[in-house]
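In: Using only what follows, build the 3D model:
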Amino acid sequence: MGTEDPGADPEPKCADWTPEEVDALVCYLHRHHTERGDTGSFHQSTYANTADHIRPLLVSGKVKDHKNVSIKWGVLKQTYNAIMTYHSKSGEHWDNEHGVNISGALAAESWSKYIAANVQMKPFCNKGWEYLEFLEDIF
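Out: Predicted coordinates for the structure are as follows:
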C-alpha cells in the first residue's frame, strides 16, 4: 500500500505547449530581448506580458501564466546551452539544417552513448533547431 495522503492535492500538471505557443513565446522574447538580465532570464513583467501575448493562441489546456512562461524559457535555454556545448567541442559537427548529421553505424553508436547523458540533444540527430538563431540573437 502506498503512503499517499488521499486528501492531498495531486502534483500540478506541467503546462502543455503547442508549437504555435512556443513560436509566439520565442518571437515575443526575441523582440523584447533588451529586457533580458545578465543571467539570460527576463523580468517577471516580461514573462507576464509574454503570457498575455500568447493567451489568444490557446486551443485547449492550461492558460499559461508568467510562471509557465519562465519555466518554458528555462527549458529553451537548456536546449540552447546543450547545442552550444556540443558545437564547441573540437571535431563535433553541427549545422542548423542537419543538426549533428549522424550517418553510419559507428557515428550512430557514438551518438547513442552521447545522448544517454545529454538527452536534450536527442532531437538533433539529423535536424537543426528552429529557435537557434533567435536564441543566439537574444544572448
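
In: do you know how far Arg31 is from Ile115?
Out: Per Cβ to Cβ, to the nearest Å, Arg31 is found 33 Å from Ile115. Bear in mind the C-beta positions are built from the backbone N, C-alpha and C, glycine included.

In: same question, Lys67
Out: 29 Å.

In: if we can go back for a sec, neighbour-wise, which of Arg31 and Ile115 wins?
Out: When Arg31 and Ile115 are compared for neighbours, Ile115 comes out ahead with 17 against 11, by other Cβ atoms under 10 Å.

In: Looks like the more buried one contacts Lys122 (just checking).
Out: Yes - counting by Cβ atoms under 8 Å, Lys122 is a contact partner of Ile115 at 4.7 Å.

In: Could you report the pLDDT at Lys113?
Out: Listed pLDDT for Lys113 reads 93.

In: I'd like to know how many residues surround the closest residue to Val22 other than its chain neighbours.
Out: Of all residues not flanking Val22 in the chain, Lys72 sits nearest, at 7.2 Å (Cβ to Cβ, 6 or more residues apart in numbering). Using other Cβ under 10 Å, Lys72 has 22 other residues around it.
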